[in-house]
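A.B. asks: sequence and predicted structure below; questions after.
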Amino acid sequence: MQNGLGLYEEGSGELLLEEGQKFENETFRKEFVLNETELLDLLQEINKSGFYLLNDSYYNPEVHDGSCEGIAITKNNATKSVDVSNMGGPQAYQRTAKLIHDMAWNKTTPEHSSR
């Protein structure tokens, strides 16, 4: 299972995390919908982060059996995907992951989503 973040041009998204011990296969999934202003603001911040300039994948071949995660963003009917294996990923990747994660958390956590 791979952790992942997804953002789609119609304003929906998902956050998928594997929780617990490695072989428990516990999945944590949050789906959310953004209004037009939230979506445009998020896409602007992602653009500023440099995400669209990243390579399609980053990995550390010296680490075996490590972590895998990815981000896929669909915009204007084109999808930009970046996968990271066995490392933290470049700064633009980390910033984009934080932007989407924070938005997902704010939209799906009861004390935040009721606002």
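C.D. replies: Looks like it arrived, so ask away. Residues are numbered from 1 along each chain as shown.
A.B. asks: for this protein, which segments count as strands?
C.D. replies: 3-7, 12-19, 26-33, 57-59, 68-75, 78-85 (DSSP state E).
A.B. asks: now do stretch 55-72, average pLDDT.
C.D. replies: The pLDDT scores in stretch 55-72 average 87.
A.B. asks: local confidence estimate at residue 25?
C.D. replies: 47.
A.B. asks: ok, now residue 18?
C.D. replies: Residue 18 is given a pLDDT of 51.
A.B. asks: now do stretch 40-48: everything it contacts.
C.D. replies: Residues external to stretch 40-48 that are found in contact with it (Cβ atoms under 8 Å, 6 or more residues apart in numbering): 7, 34, 52, 73, 75, 96, 99, 100, 103. Yep, even glycine has a C-beta here, placed from its N, CA and C like the rest.
A.B. asks: how about it: buried residues?
C.D. replies: 42, 43, 45, 46 (16 or more other Cβ atoms under 10 Å).
A.B. asks: try stretch 105-113
C.D. replies: Quick answer for stretch 105-113 (16+ other Cβ under 10 Å): 107, 108.
A.B. asks: now do that stretch: distance to the chain's middle.
C.D. replies: Chain-centre distance of stretch 105-113: 17 Å, with Cα atoms, centre = their mean, to the nearest Å.
A.B. asks: I'd like the buried residues of stretch 40-48 as TSV, with distance to residue 80 and pLDDT appended.
C.D. replies: Shown next, in TSV, are the buried residues of stretch 40-48 (distance: Cβ to Cβ, whole Å; pLDDT from 0 to 100):
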residue	distance to residue 80	pLDDT
42	14	91
43	11	90
45	15	96
46	9	94
